[in-house]
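Asker: coordinates only, sequence not included:
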């Protein structure tokens, strides 16, 4: 997974890719609950699953944009860099998880995550 993130994100070193993976998966672990959390952990490599499941789910879910802002604040990184990190890691996550599981995850999370996972976010017709 680390090499996929390094390649997708064009990170210069494995260490930089590892930082992105740990940051984003920890953040996702604070957002996911229930079967989706368990099923995603089962799909990921062991170390990635540990990072995801070591987090206590937050009581207030974050929108996709708030998720990126929260991660940026935790690392004192720019929003652009954090958005890049998030997209790179979520791209790798989609390689491990089934399309159905990603759909279930997106239904559990508030708005704004579909684009982070490389999908269109469709709004219901008014």
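Answerer: Yep, that arrived. As the structure is a prediction and not an experimental result, all values here were calculated from the model.

Asker: Now the biggest helix by length in the chain: average pLDDT?
Answerer: Longest helix of the chain, by residue count under DSSP state H: helix 79-96. For helix 79-96, mean pLDDT rounds to 97.

Asker: and the helix or strand that comes right after that helix, what does it pack onto?
Answerer: Going down the chain from helix 79-96, the next helix or strand is helix 99-108, by DSSP states H and E. Other helices and strands packing on helix 99-108, by 3 or more C-beta pairs under 8 Å, 6 or more residues apart in numbering; DSSP states H and E, are helix 34-43. (Glycine included, C-beta is placed from N, CA and C.)

Asker: Okay, buried residues for the helix it packs on please.
Answerer: 36-37, 39-41 (16 or more other C-beta atoms under 10 Å).

Asker: now those residues as CSV including distance to residue 86?
Answerer: Shown next, in CSV, are the buried residues of helix 34-43 (distance: C-beta to C-beta, whole Å):
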residue, distance to residue 86
36, 18
37, 18
39, 20
40, 15
41, 18
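
Asker: farthest pair in those?
Answerer: With C-beta to C-beta as the measure, no two of the buried residues of helix 34-43 lie farther apart than 36 and 41, at 9.6 Å.

Asker: Could you list every helix and strand that the longest helix of the chain packs against?
Answerer: helix 2-9, helix 14-29, helix 64-75.

Asker: Of those, flag the one that's most buried.
Answerer: helix 14-29 (a mean of 20; mean count of other C-beta atoms under 10 Å).

Asker: Specify the angle between it and helix 99-108 in degrees.
Answerer: 60 degrees (axes from the mean of the first three to the mean of the last three C-alpha atoms, to 10 degrees).

Asker: ok, now which ones touch the residue nearest to residue 44 when sequence neighbours are not counted?
Answerer: In this structure, residue 44 finds its nearest non-sequential neighbour in residue 96, 5.5 Å apart by C-beta to C-beta, 6 or more residues apart in numbering. Shown in contact with residue 96 (C-beta atoms under 8 Å, 6 or more residues apart in numbering): 1, 43-45.

Asker: Identify whichever of the helices and strands packed on helix 79-96 lies nearest to residue 91.
Answerer: helix 2-9 (4.9 Å).

Asker: I am finished for the moment; much appreciated.
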